[in-house]
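K.L.:
here are the coordinates; sequence isn't available:
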């Protein structure tokens, strides 16, 4: 099998590369189909997904069986001030990849987000719930979903949230850094969602991608919490002497609106390849142990 991985320098891209190399992680061993697979890992320097001709030529020359698109503009506030760039990377880029996938009969996995929803629900969103993004980031990601769906039937849309991995920046690393430097933090306590370990997401993406169970998937850690709850656990598991106090979204004064409630229900996973995602606290604890081990060596 030949796999094209875009956005390979990001935290999910790095996690997928490591999993495809070792063929196993904390959740289990990959299916036999991935044994001896060839991975073409590219980032913007090697392939500009916003350039349709470049994408078409690259995929026609390399003929991957599977395309996994991890490339994205994820700076929520940055998307708000640069909507054109957000649309180019998050909507037109995925469309270019999907159209080229259709031409070469490849499957495509496109990674999306909980921000495609309004964020005012009172129970976890399922895949068929109505999308109504309230940010430029969410709108661009939803447009990307729709363009991929329209371009090829052989698509897997994986929505995830609050993602953290060993390579790259994320909320966990930021909290650890500030906790060590400041000894006291104030974190938003009126936004609820699902922290997700990149290892868990990568494993499920690869489980689904060898099937013909195409469509939209939610794939997040089990259980929900607020950013404040998340931060408290990060500090606790890291054994950092630091107090964490709650604040409101209004007090945090961020340019882009954040969803108050964006928990996702992994229904399609349960109905197809199975939902083996870990409880968010369990996955976080193991992640921090690995992070500590890396930093101490």
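P.N.:
Arrived safely. Note that the structure is predicted; figures quoted are calculated from it, not measured.
K.L.:
now do the SS call for the residue lying closest to residue 156 once chain neighbours are set aside.
P.N.:
Nearest residue to residue 156, sequence neighbours excluded (Cβ to Cβ, 6 or more residues apart in numbering): residue 109, at 4.5 Å. C-betas here are computed from N, CA, C, even on glycine. Using DSSP: H, G, I helix; E, B strand; the rest coil, the three-state assignment for residue 109 comes out as strand.
K.L.:
partner residues bridging residue 109?
P.N.:
Residue 109 forms beta bridges with residue 68, residue 156, as assigned by DSSP bridges.
K.L.:
so how far is residue 145 from it?
P.N.:
Counting by Cβ to Cβ, to the nearest Å, the separation of residue 109 from residue 145 is 12 Å.
K.L.:
quick one, which of these two is more surrounded?
P.N.:
residue 109 (25 against 21; other Cβ atoms under 10 Å).
K.L.:
wait, that one sits on residue 69?
P.N.:
Yes. At 6.7 Å, residue 109 counts as touching residue 69 under the criterion of Cβ atoms under 8 Å.
K.L.:
list the buried residues of the worst-scoring helix or strand of the chain on mean pLDDT.
P.N.:
Least confident helix or strand, the chain: helix 249-252 with a mean of 83, by mean pLDDT, DSSP states H and E. Neighbour-count burial for helix 249-252 flags residue 249 (criterion: 16 or more other Cβ atoms under 10 Å).
K.L.:
so where is the stretch 101-250 of the chain shaky, pLDDT-wise?
P.N.:
Along the stretch 101-250 of the chain, the model assigns pLDDT under 70 to no residue.
K.L.:
just say helix, strand or coil for residue 138.
P.N.:
In the three-state summary, residue 138 is assigned as helix, counting by three-state DSSP.
K.L.:
spit out the contact partners of the closest residue in space to it that isn't next to it in sequence.
P.N.:
The shortest distance from residue 138 to any residue other than its chain neighbours is 3.5 Å, reached at residue 115 (Cβ to Cβ, 6+ apart). With contacts defined as Cβ atoms under 8 Å, 6 or more residues apart in numbering, residue 115 is in contact with 76, 133, 135, 137, 138, 141, 259, 262.
K.L.:
from these, which land in helices?
P.N.:
76, 137, 138, 141 (DSSP state H).
K.L.:
most neighbours of all these, which one?
P.N.:
Neighbour counts for those were taken using other Cβ under 10 Å; the highest belongs to residue 141, with 31 neighbours.
K.L.:
tell me the contacts of that one?
P.N.:
When contacts are taken as Cβ under 8 Å, 6+ apart, residue 141 is in contact with 72, 90, 91, 112, 113, 115, 116, 133.
K.L.:
now with 7 Å, please.
P.N.:
Residues counted as contacts of residue 141 (Cβ atoms under 7 Å, 6 or more residues apart in numbering) are 90, 112, 113, 115, 116.
K.L.:
could you do residue 261 as well?
P.N.:
119, 120, 121, 192.
K.L.:
one more: residue 259?
P.N.:
Residue 259 is in contact with 114, 115, 117, 118, 119, 191, counting by Cβ under 7 Å, 6+ apart.
K.L.:
now do the most centrally placed residue in the chain against residue 252, distance only.
P.N.:
When the chain is reduced to its mean C-alpha position, the nearest residue by Cα atoms, centre = their mean turns out to be residue 160, at 5.0 Å. To residue 252, residue 160 is 22 Å away according to Cβ to Cβ.
K.L.:
go on, residue 145?
P.N.:
As defined by Cβ to Cβ, residue 145 lies at a distance of 28 Å from residue 252.
K.L.:
just residue 228 next, same as before
P.N.:
Relative to residue 252, residue 228 is positioned 11 Å away (criterion: Cβ to Cβ).
K.L.:
quick one: common contacting residues for those two?
P.N.:
Taking Cβ under 7 Å, 6+ apart as the contact criterion, the common neighbours of residue 228 and residue 252 are residue 188.
K.L.:
hey, where'd the helices end up in the stretch 1-150 of the chain?
P.N.:
Counting by DSSP state H, counting those that start in this stretch, the segments of the stretch 1-150 of the chain that form helices are 11-22, 52-62, 76-81, 83-87, 93-104, 136-151.
K.L.:
of all those, which one is nearest residue 206?
P.N.:
Minimum separation from residue 206 across the helices of the stretch 1-150 of the chain (Cβ to Cβ) falls at helix 11-22, 6.8 Å.
K.L.:
ok now that closest one, how far from the chain's centre?
P.N.:
Centre-to-centre, helix 11-22 and its host chain are 13 Å apart (Cα atoms, centre = their mean, to the nearest Å).
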